[in-house]
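>>> Fold the following.
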Amino acid sequence: MLLRLLEALCWLVAFLSVVAMKVLRALADFVHVQLIRLLHLLERCALWCARMYKSTEAYVRMFSVRLVWLLVQLLRLSIAFTPAIGAGIGYLYWQREFLLWSAAGWTLLLLVIGVVLSVKMKNQIEVRALTPEDFARMEQSLVAELIIAIFRCMPGILAFVLSWFIQGKIMPGLCFWGGIVWMIAPLGLFALAVIGEFVPDSVAQVSTQPQEPRSDPPPVPGRPCKTGYEVHMRHGKIQSRGGEYDLAIQSFSFAIELRPDSALAFQKRGDVYRLKRNYDQAIKDCSRAIELDPKLVEAFWSRGSAHRWKGNLDQAIDDLTKAIELDPKYAFSYASRGETHRQKGNLDQAIDDLTKAIELDPKSDCSFGRRGAAYRQKGNLDQAIDDLTKAIELDPKEAEWFEWRAQAYEARGDAEKAASDRTEAQRLKSG
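Numbers count the residues shown, from 1 in each chain. Reported below is the predicted structural model:
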């Protein structure tokens, strides 16, 4: 009897130990998962703070440069009108009419010269918005000149301070005024350097030939964003991948405001409008991108895809064919044109295009799935099932592939597999 009690006690201890181990393991797994989620949240917060810092830094830098540029232009105008201002001040003190007429005459002369030059050079001067490269050059020039001016002012500052400690009648005044003159001279040279070199070539370019639109270079992975345009472009791409389409449109719109001749920014915004099913605005933005850069393959692909979703199949084929001509190795163009041919009923052309897309990108589930649909419509059920099975292997969470394979199984008479695929498709759609 005692042995049986001991045996039962041992079994109870073992059972409780197993239960305790499972509970502890479940608790450890739960804590581990929560810690991972917390780390991901902290990482997202840190990334958001870094983006906000870069955006704020870029805006502050550009605002300060624009403010300095405006002050420089006001300084230029004040120098040009100095004789008129001097004559006007003299008239207030001495009440001599010739001073008043001199001020009015000089002002009128400058206005006439300005009007004549603007009319004469109206067709030769092209005023464009400042680019991020201009801002960077302006910043570097301004900071360098300011540092040199401060360094040159140091002897004058020392002489000015020394004048307060020297005893005598001549030396204090000599040090005082000598120090002021020494400080004024470098600052005057700094002002002249700024007036002579700050901005003019980057604001107005004299040219009789129209300039080619700039095309944007591809972003360099890992390179930090240093301009507002690049910050907004990177934010828009991240937001678009995350499904935050409204924020992505806002970011690309900010980028367009900073660089209105950016074909890439218009194309990216148009592609987001396409994902939002706003096909008219997508076509409009992509058309603008094509005007700015007629060789931008992605713009033709995005506009062709928008036309396809809108039902303009002929226009879609024209745009996608142009994209293929510009870049024969761009798999998305072949895949989209193949799907457009399939929707039009041109099954042989659809299969040819989708086969080419698969050759260029063998891991594209869309190309396999659409070719499988084309084979199913053509009656090649075995090939259709093979392609759709491959598409499911590449992306097992796409309900459309299961639905199309169910139709192929049903057409072949395999009701059990068709029902299984339809069940899985419904589960994915509801989940």
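
>>> Kindly format the C-alpha coordinates of the helix or strand where A357 lies as PDB.
A357 is located in helix 347-360, with elements delineated by DSSP states H and E. What follows is helix 347-360, C-alpha atoms only, in PDB (Å, rounded to 0.1, in the frame of the first residue of the first chain):
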ATOM      1  CA  LEU A 347      -4.600  34.600 -75.900                       C
ATOM      2  CA  ASP A 348      -1.500  33.700 -78.100                       C
ATOM      3  CA  GLN A 349       0.000  37.200 -77.700                       C
ATOM      4  CA  ALA A 350      -0.800  37.100 -74.000                       C
ATOM      5  CA  ILE A 351       1.000  33.800 -73.600                       C
ATOM      6  CA  ASP A 352       4.000  35.000 -75.500                       C
ATOM      7  CA  ASP A 353       4.300  38.200 -73.500                       C
ATOM      8  CA  LEU A 354       3.800  36.400 -70.100                       C
ATOM      9  CA  THR A 355       6.400  33.800 -71.100                       C
ATOM     10  CA  LYS A 356       8.900  36.600 -71.800                       C
ATOM     11  CA  ALA A 357       8.100  38.100 -68.500                       C
ATOM     12  CA  ILE A 358       8.700  34.800 -66.700                       C
ATOM     13  CA  GLU A 359      12.100  34.500 -68.500                       C
ATOM     14  CA  LEU A 360      13.100  37.900 -67.200                       C
END
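
>>> contacts for it?
Applying C-beta atoms under 8 Å, 6 or more residues apart in numbering, the external contacts of helix 347-360 come out as 329-332, 334-335, 337-342, 364, 367-368, 370-371, 374-375, 377-378. Placement of C-beta: from N, CA and C, glycine included.

>>> Swap in 10 Å and give it another go.
317, 320, 324, 328-344, 346, 364, 366-380, 383, 387, 390 (C-beta atoms under 10 Å, 6 or more residues apart in numbering).

>>> What ranges does the stretch 151-300 of the chain have for its helices?
With DSSP state H, counting those that start in this stretch, the ranges of helices along the stretch 151-300 of the chain come out as 171-197, 200-203, 228-241, 245-258, 263-275, 279-292, 297-310.

>>> pLDDT on the fourth one, on average?
It refers to helix 245-258. When pLDDT is averaged along helix 245-258, the result is 88.

>>> Next: stretch 8-16.
80.

>>> just how off-centre is that stretch within its chain?
Computed by C-alpha atoms, centre = their mean, to the nearest Å, the separation of stretch 8-16 from the middle of its chain amounts to 65 Å.

>>> all strands of the protein, in order?
Ranges of strands in the chain, per DSSP state E, are 125-127, 204-206.

>>> Going by mean pLDDT, which of the ones you listed comes out lowest?
Across these, strand 204-206 gives the lowest mean pLDDT, at a mean of 35.

>>> Now K397: closest residue in space that isn't a chain neighbour?
What sits nearest to K397 in space, not counting adjacent residues and going by C-beta to C-beta, 6 or more residues apart in numbering, is L428, at 6.2 Å.

>>> show me where pLDDT drops low in the stretch 301-431 of the chain?
For the stretch 301-431 of the chain, applying pLDDT under 70 flags the ranges 431.

>>> Okay, helices next: where are they in it?
313-326, 331-344, 347-360, 365-378, 381-394, 399-412, 415-430.

>>> how about those in TSV, adding distance to G114 and mean neighbour count?
Output for the helices of the stretch 301-431 of the chain, formatted as TSV (distance: least, C-beta to C-beta, whole Å; neighbours: other C-beta atoms under 10 Å):
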stretch	distance to G114	mean neighbour count
helix 313-326	46	19
helix 331-344	52	24
helix 347-360	59	20
helix 365-378	61	24
helix 381-394	67	20
helix 399-412	66	21
helix 415-430	68	14
